[in-house]
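**Student:** Got a sequence here, can you build the structure:
(chains A, B, C and D)
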Protein chains: 2
Amino acid sequence: MIGQDILNEEKLEELAEFFKALSHPVRLRIISILIEGKQCVKNLGELLNLSQPSVSQHLSILRSRGIVGWKREGSIICYYIKDERVKKIYNLLIKEEENGG
Amino acid sequence: MIGQDILNEEKLEELAEFFKALSHPVRLRIISILIEGKQCVKNLGELLNLSQPSVSQHLSILRSRGIVGWKREGSIICYYIKDERVKKIYNLLIKEEENGG
DNA sequence: TGCGTATATTAAATAATAATAATTTTTTGG
DNA sequence: CCAAAAAATTATTATTATTTAATATACGCA
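**Tutor:** Below is the predicted model:
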């Protein structure tokens, strides 16, 4: 059957959740920042001009989908891109477009 | 400033809308079917085992984001993938994964 | 024109997300 | 242990998306 061999229901749900995590301007901005390099929550809040709890909530969504990872460094927690698919998509949608891709 | 040169607010919103359109299992299935080739609404409903109005609603979301296009052929309307980014992402996420990409 | 098929739109009810504010936990340093 | 800083969680309310059912539109043909 068409289009059913690769994508079973479980895989579809997982993919939809993945895209849902990317479906918010703030989270896309967070991703674009983290692609440049890891950042702590406080810095993200300042770069985004958002409250700490708000940043934390968005990070928690990205974390729960495995898109970002984190590491405590002393008193702060640094976030980074964990899911390589995100980097690939970023390159494909953003970077390539710069050269009219 | 980090991550702000390329992605202005407008572009971020557009991208978020793009991902939102992909954030549903049914719409992902529709896309996977249309990537194999164009299909009319009735066939889609049968392949997806969904009611006609339900398929139409999902198509309308994909249409409004420019992800699919359509063409009337006699009494039926055929839908096809219009946004090339979708094909790229599909190849990247689905096809590459088959060979352990 | 009128009927049947194909598709789209609308409406109403429910569920999911987002934004904001308040509270809590964890860690560092005195 | 205590206070302050950093981050996470919770609660509340507002907004948006999804589902289902009902209705409407467009086309082809007798």
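**Student:** Where does A:Phe19 fall, secondary structure wise?
**Tutor:** helix A:9-21 (DSSP states H and E).
**Student:** what helices or strands is that helix leaning on?
**Tutor:** Secondary-structure packing of helix A:9-21 (3 or more C-beta pairs under 8 Å, 6 or more residues apart in numbering or on different chains; DSSP states H and E): helix B:9-21, helix B:25-36. For every residue, glycine as well, the C-beta is placed using N, CA and C.
**Student:** Give me the contact list for that helix.
**Tutor:** A:7, A:27, A:61-62, A:65, A:67, A:83, A:85, B:19-20, B:22-25, B:28-29, B:93 (C-beta atoms under 8 Å, 6 or more residues apart in numbering or on different chains).
**Student:** go with 10 Å
**Tutor:** A:4, A:7-8, A:27-28, A:31, A:58, A:61-68, A:83, A:85-86, A:89, B:18-29, B:32, B:89, B:93-94, B:97 (C-beta atoms under 10 Å, 6 or more residues apart in numbering or on different chains).
**Student:** Pull out whichever of the residues you listed are also neighbours of DNA strand D.
**Tutor:** B:Lys20, B:Ser23, B:His24, B:Val26 (C-beta under 7 Å from any atom of the strand).
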